[in-house]
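*Asks:* Fold the following and give me the result.
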Amino acid sequence: MAKCVRNANQSPAPSFGTGRGTRHRLIACATQNSDGRQNDWIRNTEVFFLMLHYTIRFALVFPLAAAGFANDWPFWRGPEQTGMTREKAAVTSWSPNGENLLWKSDIGGRSTPVIMNGRVFYICPVGEGIGSRERVVCLDADTGKLLWEHRFNVFHTDIVENRVGWTAVVGDPETGNVYAHGTGGEFFAFDRDGKLLWKHSLTEEFGRISGYGGRLHTPIVDENRVIVSFLNSNWGSHTRPLHRYVAFDKNSGDVLWWAAPGGKPLDTTYAVPAVAVIGGVRMLIAPNADGNVYGMKARTGERVWTYKLSKRGLNSSVVVDGNYAYFTHSEENLNTSEMGSIVCVDASKTGDITETGTVWRHDGYTIGYASPAIANGRLYLVSNSATLYAIDAKSGEVFWEYSVGRVGKGSPTVTADGLGAHAGEAGPEVRGAQLGHVAPDLCGHFGELRRIGREQQDTRRLLGQGEALELEDESNEEHPLAGVRV
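*Replies:* Numbering: from 1, shown residues only. Here you go, the predicted model:
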């Protein structure tokens, strides 16, 4: 039987999650498609970033089909906030030592860059010890040249030095502006050339609270708003410590609304909300520090529904497909003694939808760090122990599972032709996994497994849905996925 090998140099592994680990250089690689388009990578050693370089502009490989978002990656989970691309897989072979290498930069960090209008933006630490600071960086996406940076101090926080630079920046395709939430609580708005447009000190103005672990929230842009959340306690109506959301006017920095949909916060968290129009309502769907998930009106912050999920705060972000919202966690459940769960809810409901809104639910799955990806009718998830799952998004049927390492903290990404990747903490190499090359309407019918033989050959087999995997060759070695439904 053929042997399945997870090889970072053969399988792309872009993981657009909140990264963990030490600081590393960013690396971009390039190759040529048959149509002449150039494909680029950006890498943070433990978190990969896959990009395309079109004739006119630099673009991430996960563009939104809608005008204004096409060819850019302005949010940490992509323009559709789903961890998927509508492009086919770009680079399938590369090496930081030279193969398909376009450029590399020594300016690296733990968070996900965003790509807009031919530029790469991200937040990262700079300096060491007492001189440690933070900075927002802009690189030329074609060359890796540093175009500008904005350095600032880290203050009024309990966050330790090696967790500085936790959040991702967010870009606004309409204006080209970039927004950053710093470790010390400063919230910045820059134009594309680095000019500071406005700034708030969230700790000094609003009583923002941060904890030792470094968990902070990445902002999102929606219409004329830039929204960020944090735990706070302040004067007046903000006396009670709660997990609150605030929407600023993205142009002026004026406060538009505050929302505190939940109860007592149980942890500091980092889940990023998603925005979707559901049942004619523009909704902000947000996992909260009180263990619940809330649906709120994105234009006012008014709470629409509540889903009671966990006894601890929630860290993995939500994805939305149609009227369905998907969220996960790895802590104690409210309804069972099992740890963790995967939930699909009908987000068009109102009120307490814990029972009425549940479409399907799987308890006992510990997916509390990495955020889901949804593509081609499937939900892809990485557990805390680095098991990659593929689940039918509508029915909840688990199609297959596959170990990609030891620790799962990088979020998966999926291309339109079914090539998926994940970067985890599996040692010095980043582990990747291939989900198969397949058109969207055939997703689930094709499994691709790589083996290393005497001639470094690939073994591929087209499978009918539900057919047991049987790959044989002269080695007579049992395949780890033999008998698994793919």
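*Asks:* what sits against residue 172?
*Replies:* 74, 178-179, 221, 226, 250 (C-beta atoms under 8 Å, 6 or more residues apart in numbering). Using the backbone N, CA and C atoms, a C-beta is placed for each residue, glycine as well.
*Asks:* My error: substitute residue 257 in the last question.
*Replies:* Counted by C-beta under 8 Å, 6+ apart, residue 257 has contacts 246-247, 300-301.
*Asks:* Of the residues you listed, which pair is most distant in space?
*Replies:* 246 and 300 (12.6 Å; C-beta to C-beta).
*Asks:* In terms of neighbours, single out the busier of these two.
*Replies:* residue 246 (24 against 13; other C-beta atoms under 10 Å).
*Asks:* ranges for the helices of the protein?
*Replies:* Secondary structure of the chain (DSSP state H): helices located at 202-206.
*Asks:* Okay, now the unreliable bits of it?
*Replies:* Residue ranges of the chain with pLDDT under 70: 1-71, 89-90, 419-486.
*Asks:* rewinding a little: can you redo the contacts of residue 172 as JSON lines, where the extra columns are neighbour count and distance to residue 418?
*Replies:* Shown next, in JSON lines, are the contacts of residue 172 (neighbours: other C-beta atoms under 10 Å; distance: C-beta to C-beta, whole Å):
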{"residue": "74", "neighbour count": "25", "distance to residue 418": "24"}
{"residue": "178", "neighbour count": "27", "distance to residue 418": "32"}
{"residue": "179", "neighbour count": "27", "distance to residue 418": "33"}
{"residue": "221", "neighbour count": "21", "distance to residue 418": "29"}
{"residue": "226", "neighbour count": "24", "distance to residue 418": "34"}
{"residue": "250", "neighbour count": "25", "distance to residue 418": "36"}
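*Asks:* which residues are contacting stretch 275-288?
*Replies:* In contact with stretch 275-288 (C-beta under 8 Å, 6+ apart) are residues 81, 220, 222-223, 227, 229, 243, 245, 261-262, 265, 269, 271, 273-274, 293-299, 301, 304, 309, 313-318, 320, 323, 325, 327, 329, 347-348.
*Asks:* Show me how to select, in ChimeraX, the buried members of those.
*Replies:* Command for ChimeraX that selects the buried part of these, burial taken from 16 or more other C-beta atoms under 10 Å:
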select :81,220,222,227,229,243,245,261,262,265,269,271,273,274,293,294,295,296,298,299,301,304,309,313,314,315,316,317,318,320,323,325,327,329,347,348
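*Asks:* Could you list which of the contacts of stretch 275-288 belong to strands?
*Replies:* Mapping the contacts of stretch 275-288 onto strands (DSSP state E) picks out 220, 222, 227, 229, 243, 245, 274, 293-297, 304, 320, 325, 327, 329.
*Asks:* Quick check, residue 391 in contact with residue 344.
*Replies:* No. Using C-beta atoms under 8 Å, residue 391 makes no contact with residue 344, being 9.0 Å away.
*Asks:* Residue 301 and residue 256: what is the separation?
*Replies:* 9 Å (C-beta to C-beta, to the nearest Å).
*Asks:* Can you pull the residues that touch both of the two?
*Replies:* residue 247.
*Asks:* my guess is residue 409 meets residue 370, correct?
*Replies:* Yes. With contact defined as C-beta under 8 Å, residue 409 reaches residue 370; the gap is 6.0 Å.
*Asks:* higher neighbour count, those two?
*Replies:* residue 370 (31 against 24).
*Asks:* pretty sure the more buried one contacts residue 413?
*Replies:* No. Look at residue 370 against residue 413 with C-beta under 8 Å: they stay out of range, at 10.8 Å.
*Asks:* quick one, strands of the stretch 101-250 of the chain?
*Replies:* Listed in chain order, the strands of the stretch 101-250 of the chain (DSSP state E, counting those that start in this stretch) span 101-105, 114-116, 119-126, 133-140, 146-152, 170-171, 178-181, 186-190, 196-201, 208-209, 220-222, 225-232, 242-249.
*Asks:* buried residues in the third one?
*Replies:* So the one you mean is strand 119-126. Result for strand 119-126 [16+ other C-beta under 10 Å]: buried residues 119-126.
*Asks:* Show me what that strand is packed against.
*Replies:* strand 114-116, strand 133-140 (3 or more C-beta pairs under 8 Å, 6 or more residues apart in numbering; DSSP states H and E).
*Asks:* ranking those strands by burial, who's on top?
*Replies:* When you average the neighbours per residue for each of the helices and strands packed on strand 119-126 (mean count of other C-beta atoms under 10 Å), strand 114-116 leads with a mean of 26.
*Asks:* Nearest spatial neighbour of residue 351, chain-adjacent residues omitted?
*Replies:* Of all residues not flanking residue 351 in the chain, residue 305 sits nearest, at 6.0 Å (C-beta to C-beta, 6 or more residues apart in numbering).
*Asks:* May I have the beta-bridge partners of the one you found?
*Replies:* Note on residue 305: beta-bridge partners residue 295, residue 351, judged by DSSP bridges.
*Asks:* Quick check: it touching residue 349?
*Replies:* Yes. Residue 305 is in contact with residue 349 according to C-beta under 8 Å; the separation is 5.8 Å.
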